[in-house]
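Enquirer: sequence and predicted model, in that order:
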Amino acid sequence: MTLLEAAQALRKRAVSSAELTETSLKRIGELNPQLNAMMTTLEESARAQAQAADEELAQGADRGPLHGVPIAVKDVFETRGVRTTCGSVIFLHHVPDRDAAVVERLAAAGAVLVGKTGMHELAYGITSNNPHFGTIRNPRDPERIPGGSSGGSGAAVASEMVFMAMGSDTGGSIRIPASFCGTVGLKPTTGRVSRYGVMPLDFSLDHMGPLARSVRDAAVTLQAIAGFDPRDETSSQEPVGNYLPDHGCSIHEVRIGLPQNFYFERLDPDVDMAVRRMAAIAESLGASILPVRVPDIEALNAVGRVILLAEASALMEKYIGNRDQFGSDVLALLDQGRLLPATDYVNAQRLRRMMQREFAHLWSQVDCLFTPTTPMAAPQIGEKTAHLGDFVEDVRLAATRLVRGINVLGLPAISIPCGRDRRGLPVGLQIVGRPFDEALILRVAAALEDAAG
Amino acid sequence: MKNWQKIAEAYDLRIPDSDLERIAPSLDTLELAFRPLTKRIPDDVEPAITFRILAESGE
């Protein structure tokens, strides 16, 4: 059952929010000991919220599709009176006195917060193999990683613990777990969703968005959380669109760019085939598939790495004196950032502006791009290298290679399941759009979901 | 390649030698990819960081 199907059932009185919430809590109780997707479960407050939602709906007070639906947020979103760890022992006892803007908006939409999901330490990695809070496992194959850093959100949605879970994405941290766990994951445009009250990894690359069971579930979530927030300096005043695609939505004459360079190099052949199959389906629905050459994404990724290393290390500088508080992989990244000269950071931000202009030319040719989300399906826990044909690559670099640059450019992107590899593991298609054109990428994604099932 | 150990010492970063050895290859790879890019930035390109000041926040 999707979030929108649950919303429909609630309105038909076929089910109550209390029943949905009990089912969610039961599932967490059954599955979490193995998957470790949920960091904190909020049984008492969730039951109270569900009861309130049932009472409001009975009185005809309808707050929209999220009203009464059990959801979760990554443990990077501050929650008033509820511990928020950011997956780090540094914040083991951090109990905020405020809610993040996203949490406020989800509450205003009537969602029932049943828990906070686990994550890679400090959101700084893609395995979600957390040295302090344990390994998070992929529900599709518990011997494999769920991706990260929003691994708990991906696992919680894929295992149907909740209907939607919020994630954060600095270099792919929503889209990678979506790809590895077989869910939808949406990274909105920079400034579209407020970062207020989200523990930052990086000032200029962090984005907030949903992981969901369907494209339309992601769309209604974005509808609830999007919009200007004066408490976030990067928040945009661009008007919020209508994100929910119609049933039977058309993509006739949509121009879809299929990159001829970079994005289809060094892939698992099963991933290549699955993504091209989706392009063929889009074409059969009336879209135009156009070959395009994209600007230098290797360079864009290098720029993104410099920015992330420098900004994350600046943020964590005050804590790094106590090196024992960090896992070895996070510490290695923080040390790298401390060794970069300030001139490199400034020049990376200058290159970012140049590359943004170069990339903008693409939008006169196409309306969106199709790429794989990750070059391979979920690796095994502890696997360090990915073997992609004759090419051997560090798993972390491989997993972020096709998604990191999109954060540097600030563009909206969605990952949707597009098939399975030879082992039956999910494969993700990434659709990248123009700034603030979330409506178009959601429409294309919904049309494909409708057609491909 | 840069001598990361000397840079760490100069900045007084107190990174153990074993940790420096572990991260040096990643830094070298990044250096190779990033350094040539800096040579093609025109002088008039400003960083993608904006400092905004509002009239009412003036002191």
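Expert: The structure has been received and is ready for your questions. Note that the structure is predicted; figures quoted are calculated from it, not measured.

Enquirer: for the longest helix seen in chain B, which helices and strands make contact with it?
Expert: Taking DSSP state H as the assignment, the helix of chain B that covers the most residues is helix B:17-38. For helix B:17-38, the packing partners by 3 or more CB pairs under 8 Å, 6 or more residues apart in numbering or on different chains; DSSP states H and E come out as helix A:297-316, helix A:328-338, helix A:342-360, helix B:4-10. For the C-beta atoms, the positions are set from N, CA and C on the backbone; glycine is no exception.

Enquirer: pick out the residue of chain A closest to chain B.
Expert: Residue of chain A nearest chain B, by CB to the nearest CB: A:Q349 (3.5 Å).

Enquirer: isn't that residue up against B:I41?
Expert: No: no contact is recorded between A:Q349 and B:I41 when judged using CB atoms under 8 Å, the distance being 10.4 Å.

Enquirer: which of these two has more neighbours?
Expert: Higher neighbour count among A:Q349 and B:I41: A:Q349, with 21 against 15, using other CB atoms under 10 Å in any protein chain shown.

Enquirer: how much space between the closest residue to chain A within chain B and B:L30?
Expert: The minimum distance from chain B to chain A, using CB to the nearest CB, falls at B:P47 (3.5 Å). The gap separating B:P47 from B:L30 is 19 Å, by CB to CB, to the nearest Å.

Enquirer: show me what from the stretch 101-250 of chain A comes close to chain B.
Expert: Residues of the stretch 101-250 of chain A found near chain B (CB under 8 Å from any CB of the partner chain) are A:204, A:233.

Enquirer: how about the strands in the stretch 101-250 of chain A?
Expert: In the stretch 101-250 of chain A, the strands defined using DSSP state E, counting those that start in this stretch lie at A:112-117, A:129-130, A:134-135, A:164-169, A:184-187, A:207-212.

Enquirer: looking at those, which is buried most?
Expert: Each of the strands of the stretch 101-250 of chain A was scored by mean neighbour count; the highest is strand A:184-187, a mean of 33, by mean count of other CB atoms under 10 Å in any protein chain shown.

Enquirer: now find how far off-centre that one is within its chain.
Expert: For strand A:184-187, the separation from the chain centroid amounts to 5 Å (computed by CA atoms, centre = their mean, to the nearest Å).

Enquirer: contacting residues around that strand?
Expert: Applying CB atoms under 8 Å, 6 or more residues apart in numbering or on different chains, the set of residues contacting strand A:184-187 from outside is A:150, A:154, A:167, A:169, A:174-175, A:177-179, A:207, A:209-215, A:217-218, A:221-222, A:406-407, A:412-417, A:428, A:438, A:442, A:445.

Enquirer: now swap in stretch A:329-342 and tell me
Expert: Outside of stretch A:329-342, the residues that reach it under the criterion CB under 8 Å, 6+ apart are A:121-122, A:124-125, A:127, A:306, A:308-314, A:316-317, A:320, A:323, A:326, A:396, B:4, B:7-8, B:11, B:13, B:15, B:19-20, B:22-23, B:26-27, B:30.

Enquirer: repeat that for stretch A:88-97.
Expert: Applying CB under 8 Å, 6+ apart, the external contacts of stretch A:88-97 come out as A:78-86, A:121-122, A:132, A:197, A:199, A:319, A:325-326.

Enquirer: mind listing what's buried along that stretch?
Expert: A:88-91, A:96 (16 or more other CB atoms under 10 Å in any protein chain shown).

Enquirer: export it to PDB, keeping only CA atoms.
Expert: As requested, the backbone C-alpha atoms of stretch A:88-97 are provided in PDB (Å, rounded to 0.1, in the frame of the first residue of the first chain):
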ATOM      1  CA  SER A  88      27.300  10.600  16.100                       C
ATOM      2  CA  VAL A  89      28.300  10.000  19.700                       C
ATOM      3  CA  ILE A  90      29.200  13.700  19.900                       C
ATOM      4  CA  PHE A  91      25.400  14.300  19.900                       C
ATOM      5  CA  LEU A  92      24.500  11.300  21.900                       C
ATOM      6  CA  HIS A  93      22.600  13.400  24.500                       C
ATOM      7  CA  HIS A  94      21.500  16.200  22.200                       C
ATOM      8  CA  VAL A  95      17.800  16.900  22.900                       C
ATOM      9  CA  PRO A  96      16.800  19.900  20.800                       C
ATOM     10  CA  ASP A  97      14.300  22.500  22.100                       C
END
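
Enquirer: that stretch: how far from the chain's middle?
Expert: So, by CA atoms, centre = their mean, the centroid of stretch A:88-97 is 23 Å from its chain's centroid.

Enquirer: alpha carbons of stretch A:441-451, as PDB, please.
Expert: What follows is stretch A:441-451, C-alpha atoms only, in PDB (Å, rounded to 0.1, in the frame of the first residue of the first chain):
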ATOM      1  CA  ILE A 441      10.700  15.300 -13.200                       C
ATOM      2  CA  LEU A 442       7.900  14.100 -11.000                       C
ATOM      3  CA  ARG A 443       5.600  13.900 -14.000                       C
ATOM      4  CA  VAL A 444       8.100  12.000 -16.100                       C
ATOM      5  CA  ALA A 445       8.800   9.700 -13.200                       C
ATOM      6  CA  ALA A 446       5.100   9.100 -12.500                       C
ATOM      7  CA  ALA A 447       4.400   8.300 -16.200                       C
ATOM      8  CA  LEU A 448       7.200   5.700 -16.200                       C
ATOM      9  CA  GLU A 449       6.000   4.300 -12.900                       C
ATOM     10  CA  ASP A 450       2.500   3.900 -14.300                       C
ATOM     11  CA  ALA A 451       3.800   2.300 -17.500                       C
END
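
Enquirer: for it, what is the distance to the chain centroid?
Expert: Distance, stretch centre to chain centre, for stretch A:441-451: 18 Å (CA atoms, centre = their mean).

Enquirer: list the beta-bridge partners for A:G134.
Expert: Taking DSSP bridges, one obtains A:N130 as the residues bridged to A:G134.

Enquirer: identify the bridge partners of A:T385.
Expert: A:D394.

Enquirer: tell me which element the residue lying closest to A:S16 once chain neighbours are set aside falls in.
Expert: The shortest distance from A:S16 to any non-neighbouring residue, by CB to CB, 6 or more residues apart in numbering or on different chains, is to A:D54 (5.1 Å). If you go by DSSP states H and E, A:D54 is part of helix A:43-58.

Enquirer: what's the angle from the helix or strand following that helix to helix A:43-58?
Expert: Counting by DSSP H and E, the next helix or strand C-terminal to helix A:43-58 is strand A:70-74. Regarding strand A:70-74 and helix A:43-58, their directions subtend 130 degrees when assessed with axes from the mean of the first three to the mean of the last three CA atoms, to 10 degrees.

Enquirer: which residues touch strand A:70-74?
Expert: Contact partners of strand A:70-74, identified using CB under 8 Å, 6+ apart, comprise A:17, A:20-21, A:23-24, A:38, A:46, A:50, A:79, A:100, A:102-103, A:106, A:111-117, A:119, A:123, A:150, A:152-153, A:156, A:161-168.
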